[in-house]
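# Just a sequence and a predicted model for now, questions to come.
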Amino acid sequence: MATGLQVETIESRPFGENSYVVHRPGRSDALVIDPGLEPNLILDYLRRHRLHLDAILNTHGHADHIAGNAAMKEAFPDAPLIIGRGDADMLTDPFLNLSAMFGPAITSPPADQLLDEGDTLETAGIRFAILLIPGHSPGHILFHHLDQPELIFGGDVLFAGSIGRTDFPGGSYDQLRDGIHRKLFTLPDDTVIYPGHGPATTLGEEKQSNPYVGLHGYGNAP
């Protein structure tokens, strides 16, 4: 748990995708980031903690990060579904969101709100600045918490010791690397990043040791 925010990580099989339930202690409104393929786990958590869903946030439109959108909207129809403008079409197209390539087609309700680079979003008493870093998907956004503690919900941009795949349609290693260097590695080293897969890490750790984008030499995309 980050001081000042309650961050609950809920991992969905089979891809080990991280969904996040985020709320302020003492408040009953919450947001969910990237509801995955096991939305029942998220809904169970919300019920147990008597939380009301204020918004559904998607970092990008790949199927493992949007598969739970429909269940969230069914349970909380007034919660807006929010995604970056460049990935909005992926919500309703199983070929664009890649589910048609790997198994049963997955679709989501359409977005209620679209975000662009530089936008500010406030929901459940939590303020975010929106960063756009394409390369894993064309319209991939990150949610940068504007208050203390400084943290980022980063989807599939930067992982502990790795980065998001860039071999999917619309991917670009150069775009991903350059965005990480310009928009993430210029932030304080102790900024925590909550990724779409794997454990949380800090920007300082990845700046020093990430084999793909670290500042002490990096190779090619994984």
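Everything's here; your move.
# ok, Glu17 - contacts?
By Cβ atoms under 8 Å, 6 or more residues apart in numbering, Glu17 lies in contact with Glu11, Asp34, Gly36, Leu37, Asp64, His65, Gly196, His197. C-beta here means a position set from N, CA and C on the backbone, and glycine is covered the same way.
# what's the neighbour count on the fourth one?
Read it as Leu37. 18 (other Cβ atoms under 10 Å).
# Asp64 is in contact with that one, correct?
Yes - taking Cβ atoms under 8 Å as the definition, Leu37 is a contact partner of Asp64 at 6.2 Å.
# Give me the common contacts of the two.
Contacts common to Leu37 and Asp64, judged by Cβ under 8 Å, 6+ apart, are Ser12, Phe15, Glu17.
# Roughly how far does Thr201 sit from Asp54?
Applying Cβ to Cβ, to the nearest Å, the value for Thr201 to Asp54 is 27 Å.
# how about Ile56, what does it touch?
With Cβ under 8 Å, 6+ apart, Ile56 has these contacts: Leu31, Val32, Pro35, Asn69, Met72, Lys73, Phe76, Ala79, Pro80, Leu81, Ile82.
# what about 7 Å?
Ile56 sits next to Val32, Pro35, Asn69, Met72, Ala79, Leu81, Ile82 when contact means Cβ atoms under 7 Å, 6 or more residues apart in numbering.
# Quick one: mean pLDDT over stretch 117-125.
Per-residue pLDDT over stretch 117-125 has a mean of 95.
# that older thread, now flag whichever of the contacts of Ile56 is closest to Val21.
Val32 (5.6 Å; Cβ to Cβ).
# That closest one against His23, yeah?
No - the pair Val32 and His23 fails to qualify as a contact (Cβ atoms under 7 Å) at a distance of 9.8 Å.
# Among the two, which residue is more densely surrounded?
Between Val32 and His23, Val32 has the larger neighbour count (other Cβ under 10 Å), namely 30 against 24.
# who does the more buried one bridge with?
Val21, Ile56 (DSSP bridges).
# residues near Ala160, how many?
16.
# Could you measure from it over to Pro195?
7 Å.
# if we can go back for a sec, between the contacts of Glu17, identify the one with the most neighbours.
His65 (32 neighbours).
# Might you report the residue contacts of that one?
Glu17, Asp34, Gly36, Asn58, Thr59, Gly155, Gly196.
# Okay, and which of the contacts of Glu17 map to strands?
Of the positions in these, Glu11 sit in strands, assigned by DSSP state E.
# Now Asp174: closest residue in space, sequence neighbours ignored.
Gly135 (7.5 Å; Cβ to Cβ, 6 or more residues apart in numbering).
# Thr166 is in contact with the one you found, correct?
Yes - between Gly135 and Thr166 there is a contact at 5.6 Å, judged by Cβ under 7 Å.
# Spit out the residues that contact the two alike.
Joint contacts of Gly135 and Thr166 (Cβ under 7 Å, 6+ apart) are Ser172, Tyr173, Leu176.
# Just the contacts of Ile56: which are in strands?
Using DSSP E, the contacts of Ile56 in strands are Val32, Leu81, Ile82.
# Pick the one among the shared contacts of Gly135 and Thr166 closest to Asp89.
Ser172 (18.1 Å).
# Quick one, which of the shared contacts of Leu37 and Asp64 has the minimum pLDDT?
When the shared contacts of Leu37 and Asp64 are compared, Phe15 shows the smallest pLDDT, 83.
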